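K.L.:
got a structure for you, letters missing:
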């Protein structure tokens, strides 16, 4: 195989997400493009140290290639080497001032650093260069939302949609609340589980306007969603809904309602737990000392930012040193890390948790949930339970910036990283607050 044919095959493998195959085809890189493609493949495998080495070698051979500068900067970001990355992105921008993606990458870094005003300006420039680029529109929207500029952010947040749902292809979109009375409306899940839990608060508002509200959610959410006030029916993927008048993606409801910081429907609880299942949990927990504290330290590993929002169980050690009864609510592969120190009163709840209704029953009995930014935080807060959220430095847009509270959830408290990857500070603050809290007892 000629070198050109080999590189073409590598590009095809990269485009298909076959990063191991790309690395195998490349062998030992020996020229600029081979080093560049090796760096991209290694980045796809999340091997960012080797990726930086490969891309540095490529840039050394071709110091004027702005695409390699940009690729190297992106790899450096994953290693939290933000200053070097920003310098490279700006050098690349000087060489290619009309490249929208480079400008957008500068905006991404500024957003990550909390320089929201500068980031928004940079996104606006990127948008002018590539007005039809959905990724730029989506990132611009999230920065505006993080800044609390909801009126500007919600319309742009429609760029998040990557695929058209079947309902969208066959049923009109609801765009005017004046049309709601007497209609059958389908709300459908189209983002993460936490996003859906957050937006279920709007279902009762549509029902109060005279709509028959149907909700389509994944199986894990169906029992919980069926108990939301105002929800007439819950359907799964592929199930027949019967005739519909309108549909709305769940994450588009804030746009439909014109939600701003002062009008967020924040009354909780809007989610409910089965009292019989809750009583069973009270019996299981009875042997633990109060307060009963739930712990979640990791989100789904398939999430694009999971390496930033998740931590290792061992990093919770300062919290576990405080006298309390600790309950692991962790599911997935990270649950195997559960190893409370000897002498700590603890229970692993995972064997009893099969869907969100099961978890809601547990949450109804816990005195507190301490968690990273994952769907269980939305569940507990939507139930009106106390939540301390250990939040990554570059926080999700929904938590805004510079706040320790959330206008979405009155019972949620934010404990933020002071710098990327530094969990020790929010964990220490949670331990301090827990130690300072009064013992909790229930009648």
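P.N.:
Arrived safely, thanks for sending. Bear in mind that the values here come from a model prediction, so they are computed numbers and not experimental data. Numbers count the residues shown, from 1 in each chain.
K.L.:
starting at the chain centroid, how far to stretch 9-26?
P.N.:
Taking the mean C-alpha point of stretch 9-26 and that of its whole chain, the gap between them comes to 28 Å (C-alpha atoms, centre = their mean, to the nearest Å).
K.L.:
buried residues in that stretch, which are they?
P.N.:
When neighbours are counted by 16 or more other C-beta atoms under 10 Å, the buried residues of stretch 9-26 are found to be 10, 13-14, 18-19, 21-23, 25-26. Glycine gets a C-beta too; all of them are placed from N, C-alpha and C.
K.L.:
residue ranges with poor pLDDT in the stretch 251-400 of the chain?
P.N.:
303-304 (pLDDT under 70).
K.L.:
could I get the full set of strands for it?
P.N.:
Counting by DSSP state E, counting those that start in this stretch, the stretch 251-400 of the chain has strands at residues 292-296, 325-328, 345-348, 368-372, 387-391.
K.L.:
any idea of the angle the last one forms with strand 292-296?
P.N.:
Spelled out, it's strand 387-391. Relative orientation of strand 387-391 versus strand 292-296 (axes from the mean of the first three to the mean of the last three C-alpha atoms, to 10 degrees): 30 degrees.
K.L.:
quick one: residue 436 from residue 429, how far?
P.N.:
Counting by C-beta to C-beta, to the nearest Å, the separation of residue 436 from residue 429 is 11 Å.
K.L.:
same question, residue 36
P.N.:
Following C-beta to C-beta, the distance that separates residue 36 from residue 429 is 43 Å.
K.L.:
paired strands for whichever strand or helix holds residue 185, with orientation please.
P.N.:
When secondary structure is defined using DSSP states H and E, the element that contains residue 185 is strand 184-188. Applying DSSP bridges, strand 184-188 is found paired with strand 212-216 (parallel), strand 246-249 (parallel).
K.L.:
so which of those gets nearest residue 228?
P.N.:
strand 212-216 (7.6 Å; C-beta to C-beta).
K.L.:
so how far is the closest one from its chain's centroid?
P.N.:
Here strand 212-216 shows a centroid-to-chain-centroid distance of 24 Å under the convention C-alpha atoms, centre = their mean.
K.L.:
ok, back up a step: indicate which one of the strands paired with strand 184-188 is closest to residue 42.
P.N.:
Across the strands paired with strand 184-188 (criterion: C-beta to C-beta), the nearest stretch is strand 246-249, sitting at 35.8 Å.
K.L.:
contacting residues for the residue lying closest to residue 318 once chain neighbours are set aside?
P.N.:
Using C-beta to C-beta, 6 or more residues apart in numbering and skipping the chain neighbours, the partner closest in space to residue 318 is residue 431 (4.1 Å). Residue 431 makes contacts with 318-319, 321-322, as judged by C-beta atoms under 8 Å, 6 or more residues apart in numbering.
K.L.:
swap the cut-off to 6 Å and go again
P.N.:
Listed by C-beta atoms under 6 Å, 6 or more residues apart in numbering, the contact set of residue 431 reads 318-319, 322.
K.L.:
which SS state does it fall under?
P.N.:
Reduced to three states with DSSP: H, G, I helix; E, B strand; the rest coil, the structure at residue 431 is helix.
K.L.:
against which helices or strands is the helix or strand where residue 73 lies packed?
P.N.:
For residue 73, the host element (DSSP H and E) is helix 66-78. Helices and strands touching helix 66-78, as assessed by 3 or more C-beta pairs under 6 Å, 6 or more residues apart in numbering; DSSP states H and E, comprise helix 32-44, helix 48-61, helix 82-95.
K.L.:
ok and the shortest one relative to helix 66-78, angle-wise?
P.N.:
Compare the direction of helix 32-44 with that of helix 66-78 by the same axes, to 10 degrees and you get 30 degrees.
K.L.:
check the gap between the residue nearest to residue 318 and residue 323 for me.
P.N.:
As defined by C-beta to C-beta, residue 431 lies at a distance of 11 Å from residue 323.
K.L.:
could you do residue 401 as well?
P.N.:
If you measure residue 401 against residue 323 using C-beta to C-beta, the figure is 34 Å.
K.L.:
neighbour-wise, which of these two wins?
P.N.:
Higher neighbour count among residue 401 and residue 323: residue 401, with 15 against 12, using other C-beta atoms under 10 Å.
K.L.:
contacting residues for the more buried one?
P.N.:
Residues touching residue 401, when contacts are defined by C-beta under 6 Å, 6+ apart, comprise residue 146.
K.L.:
and the gap between it and residue 148?
P.N.:
8 Å.
K.L.:
and residue 249, by the same measure?
P.N.:
Residue 249 sits at a distance of 22 Å from residue 148 (criterion: C-beta to C-beta).
K.L.:
ok, now residue 213?
P.N.:
Counting by C-beta to C-beta, the separation of residue 213 from residue 148 is 29 Å.
K.L.:
which of those two has more neighbours?
P.N.:
Looking at residue 213 and residue 148 with other C-beta under 10 Å, you find the greater number of neighbours at residue 213, namely 26 against 17.
K.L.:
coming back round to it: the more surrounded of residue 436 and residue 429?
P.N.:
Each of residue 436 and residue 429 has its neighbours counted (other C-beta under 10 Å); residue 429 has more, 18 against 8.
K.L.:
report the secondary structure element holding the closest residue to the more buried one other than its chain neighbours.
P.N.:
Nearest non-adjacent residue to residue 429, counting by C-beta to C-beta, 6+ apart: residue 415, 5.0 Å away. Using DSSP H and E, residue 415 sits within strand 409-416.
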